[in-house]
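In: here you go, sequence then predicted model.
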Protein chains: 4
Amino acid sequence: MAGVNKVILLGNLGADPEVKHLEGDKVVANLRLATTESYKDRSGNRVENTEWHDLELWDGQARVAEQYLKKGSQIYVEGKIKSDTWQDDQGNNRKRTKIRVQSFTMLGSRNSGADNAQGGGQSMPAQNSNPNTGMSSNTSPAYDSGDNDADDLPF
Amino acid sequence: MAGVNKVILLGNLGADPEVKHLEGDKVVANLRLATTESYKDRSGNRVENTEWHDLELWDGQARVAEQYLKKGSQIYVEGKIKSDTWQDDQGNNRKRTKIRVQSFTMLGSRNSGADNAQGGGQSMPAQNSNPNTGMSSNTSPAYDSGDNDADDLPF
Amino acid sequence: MAGVNKVILLGNLGADPEVKHLEGDKVVANLRLATTESYKDRSGNRVENTEWHDLELWDGQARVAEQYLKKGSQIYVEGKIKSDTWQDDQGNNRKRTKIRVQSFTMLGSRNSGADNAQGGGQSMPAQNSNPNTGMSSNTSPAYDSGDNDADDLPF
Amino acid sequence: MAGVNKVILLGNLGADPEVKHLEGDKVVANLRLATTESYKDRSGNRVENTEWHDLELWDGQARVAEQYLKKGSQIYVEGKIKSDTWQDDQGNNRKRTKIRVQSFTMLGSRNSGADNAQGGGQSMPAQNSNPNTGMSSNTSPAYDSGDNDADDLPF
DNA sequence: TTTT
DNA sequence: TTTT
């Protein structure tokens, strides 16, 4: 039966992307994403709780991540849960869970990455400050991979 | 910064719920949920891919799960990713990821396993095996826990 | 700035799909989907609240909808909100909101309404009753359109 | 049957919140939210498409919105679709769709409008620039309303 | 280990 | 290890 396996995350990168260029033009990027929830406990003290997620991006998305994301970047992510299972040396069953990213959007996490001048004097969100290559619009695009890992960069 | 950590799953239980009644009226239920995606590979053959998820429910939700869910039940789930980390005997860092369920809805996996033909004593569940009086009301309720683990059964 | 506009619905069709075959091989299907929430009011009475959604599907998805969905079908939908605005005869600004479907999955609303084939006394969800072309597996596939309205049927 | 009716939006406010304080301590805020998607058409030109959403928040959330949001604010929203239907003067059936907000999170839309702190004409997001009233943590909280419209401010 |  |  057809199921649904969907993950939505919004958080910040704990480190620069780790990118591997594989044979055959394949590229994979691994990101560490922190999602922090904050609430008040019964004593009224604000408590923070951070969950760390391992993200995996392929090809076109991996290239965008490599180019524009870095430690501290704030992103919105859609993906799905994928786990690897194997046996370790002791013969124990092991499992590791990661998020296979299907699309992501860079948010304004303030010089997210780049040492890039906030560019022009534009007034609006300045979502991201990527050197958006001479576009009058400095939108922050979303990067979508069909499930087919579109290889082309979106701009 | 406030983040988002949201999981949406729709699938079937691989086994009956495992429920533990703890001291202080706390209850926890663990479920194994399969989400299956199916697609055609480039040769045109249909391929199925199943991901298994460990779900954790508390208190009111755990009680509902205990009472109405069983192996084969089809449910829709919203929750968040939570991982436990620890060191194993060899001193290796270990991590285990599960889904903390925030709400779930029973779908029509119609007497999913159950011998519960329209019948039993329960008033509700099982989407469309309810003695639904052929009526406008054939509801299958959703079980929501605030993040506060409401202890009361929803009906 | 790159935004997010995402809708997730799970409900039942209020009527058979309305399908229009346009020139140039384009097809559009309009569906009426009911999502019902049910809760107890403060008096402890169960209350039902139904919201009706206008769904729009194109091309490949529209064809699948035409072929397999009907009044009563239970589906899971992902899409986005799209509204049309215009001026009516009196010069008033008008707005109509619909859901542009990006993917959907047929759930087991077991001969949902239909006097549909598969007939017999099958015990299970009958997920969908598609004559799934000689596959041993008659899984209920999800229909995904990139945003590109893939024209091909998924099986 | 229990359905799902969920909306996820991430965008910017087109105007300051419109807030009405009603009798009995009830408060309602209406927001106009823009979600922009940007893509390249087949000629390779980047195209922007903006959808405007009418959001409705109640009580605690409305108060937070009144205090911290303004034109330009970037927020992440979870809610559900709700439509009002009525007959107009000509006896035509009319329908208006809005998003009933269940939770929202302020993102860094960088002095989103505000002349708030963080001083001058700083260029970037500044995640939240709310005068977070003497908290050691000045995280950007998420505002959640059970469906019960919690009346209390979250901090 | 589910479901189709 | 992020962010505020």
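Out: It's in.
In: quick one: the helix or strand bottoming out on mean pLDDT in chain A near chain C?
Out: Within chain A, no helix or strand scores below strand A:142-144, which has a mean of 76 by mean pLDDT, DSSP states H and E. Yes: legend: contact between strand A:142-144 and chain C by CB under 8 Å from any CB of the partner chain is shown at A:Ala142, A:Asp144. C-beta coordinates here come from the backbone N, C-alpha and C atoms, glycine included.
In: that strand pairs with which strands, parallel or anti?
Out: Sheet pairing for strand A:142-144, assigned by DSSP bridges, gives strand A:93-106 (antiparallel).
In: average pLDDT for the strand it pairs with?
Out: Strand A:93-106 carries an average pLDDT of 95.
In: for stretch A:63-79, same thing?
Out: When pLDDT is averaged along stretch A:63-79, the result is 97.
In: got it, and stretch A:33-52?
Out: Stretch A:33-52 shows a mean pLDDT of 92 in the predicted model.
In: buried residues in it?
Out: Of the residues in stretch A:33-52, those with enough neighbours to count as buried (16 or more other CB atoms under 10 Å in any protein chain shown) are A:Leu33, A:Ala34, A:Thr35, A:Thr36, A:Glu37, A:Ser38, A:Tyr39, A:Arg46, A:Glu51.
In: pick out the most distant pair among those residues.
Out: Greatest spatial distance in the buried residues of stretch A:33-52: A:Leu33 and A:Arg46, 22.1 Å, computed using CB to CB.
In: now do the strands in chain A.
Out: Listed in chain order, the strands of chain A (DSSP state E) span A:4-13, A:18-21, A:27-40, A:46-58, A:74-87, A:93-106, A:142-144.
In: and those strands as JSON lines, adding distance to B:Tyr143?
Out: Putting the strands of chain A into JSON lines (distance: least, CB to CB, whole Å) gives the following:
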{"stretch": "strand A:4-13", "distance to B:Tyr143": "18"}
{"stretch": "strand A:18-21", "distance to B:Tyr143": "40"}
{"stretch": "strand A:27-40", "distance to B:Tyr143": "21"}
{"stretch": "strand A:46-58", "distance to B:Tyr143": "23"}
{"stretch": "strand A:74-87", "distance to B:Tyr143": "22"}
{"stretch": "strand A:93-106", "distance to B:Tyr143": "25"}
{"stretch": "strand A:142-144", "distance to B:Tyr143": "33"}
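In: so which of the ones you listed is the most surrounded?
Out: Comparing these on average neighbours per residue, with mean count of other CB atoms under 10 Å in any protein chain shown, the densest one is strand A:4-13 at a mean of 23.
In: does chain C have contacts with that one?
Out: Yes: under the criterion of CB under 8 Å from any CB, chain C is reached by strand A:4-13 at A:Val4, A:Lys6.
In: just how off-centre is that strand within its chain?
Out: Between the mean C-alpha location of strand A:4-13 and the chain-wide mean there is a distance of 9 Å, by CA atoms, centre = their mean, to the nearest Å.
In: same question, stretch A:37-47
Out: Distance, stretch centre to chain centre, for stretch A:37-47: 27 Å (CA atoms, centre = their mean).
In: A:Ile75 and chain D: what is the separation?
Out: Separation of A:Ile75 from chain D (CB to the nearest CB, to the nearest Å) stands at 11 Å.
In: run through the residues that contact that residue.
Out: With CB atoms under 8 Å, 6 or more residues apart in numbering or on different chains as the criterion, the residues that contact A:Ile75 are A:Leu10, A:Gly11, A:Asn12, A:Leu13, A:Leu33, A:Leu69, A:Phe104, A:Thr105, A:Met106, A:Leu107, A:Ser109.
In: run through the bridge partners of the fifth one.
Out: According to DSSP bridges, A:Leu13, A:His53 are recorded as the beta-bridge partners of A:Leu33.
In: do me a favour and get the end-to-end distance for stretch A:16-24?
Out: The distance separating the two terminal residues of stretch A:16-24, taken as CA to CA, to the nearest Å, comes to 24 Å.
In: wait, does it make contact with DNA strand F?
Out: No: judged by CB under 7 Å from any atom of the strand, stretch A:16-24 makes no contact with DNA strand F; its nearest approach is 9.9 Å.
In: which residue packs closest to A:Arg94, ignoring adjacent ones?
Out: Nearest residue to A:Arg94 in three dimensions, chain neighbours excluded: A:Asp88, at 5.0 Å (CB to CB, 6 or more residues apart in numbering or on different chains).
In: pretty sure the one you found is touching A:Lys95, no?
Out: No: counting by CB atoms under 8 Å, no contact exists between A:Asp88 and A:Lys95, whose distance comes to 10.5 Å.
In: sorry, back to before: tell me the one of the contacts of A:Ile75 nearest D:Ile81?
Out: Here the nearest of the contacts of A:Ile75 to D:Ile81, counting by CB to CB, is A:Leu10; it sits at 21.2 Å.
In: was I right to think the closest one contacts A:Val77?
Out: Yes: with contact defined as CB under 8 Å, A:Leu10 and A:Val77 form a contacting pair (7.2 Å).
In: TSV for the buried residues of stretch A:33-52, including distance to B:Pro17?
Out: Putting the buried residues of stretch A:33-52 into TSV (distance: CB to CB, whole Å) gives the following:
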residue	distance to B:Pro17
A:Leu33	31
A:Ala34	31
A:Thr35	27
A:Thr36	31
A:Glu37	26
A:Ser38	31
A:Tyr39	28
A:Arg46	34
A:Glu51	24
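In: ok, so of those, who is nearest DNA strand F?
Out: A:Ala34 (3.5 Å; CB to the nearest atom of the strand).
In: who's in contact with that closest one?
Out: Taking CB under 8 Å, 6+ apart as the contact definition, A:Ala34 lies against A:Gly11, A:Asn12, A:Leu13, A:Gly14, A:Thr50, A:Glu51, A:Trp52, A:His53, B:Gly3.
In: leaving out chain neighbours, which residue sits closest to the fourth one?
Out: Nearest residue to A:Gly14 in three dimensions, chain neighbours excluded: A:Arg32, at 4.2 Å (CB to CB, 6+ apart).
In: in contact with the one you found, which residues?
Out: By CB under 8 Å, 6+ apart, the contact set of A:Arg32 is A:Leu13, A:Gly14, A:Ala15, A:Trp52, A:His53, A:Asp54, A:Leu55.
In: which two from the residues you listed end up farthest apart in space?
Out: Taking CB to CB as the measure, the contacts of A:Arg32 span a maximum distance of 12.5 Å, between A:Ala15 and A:His53.
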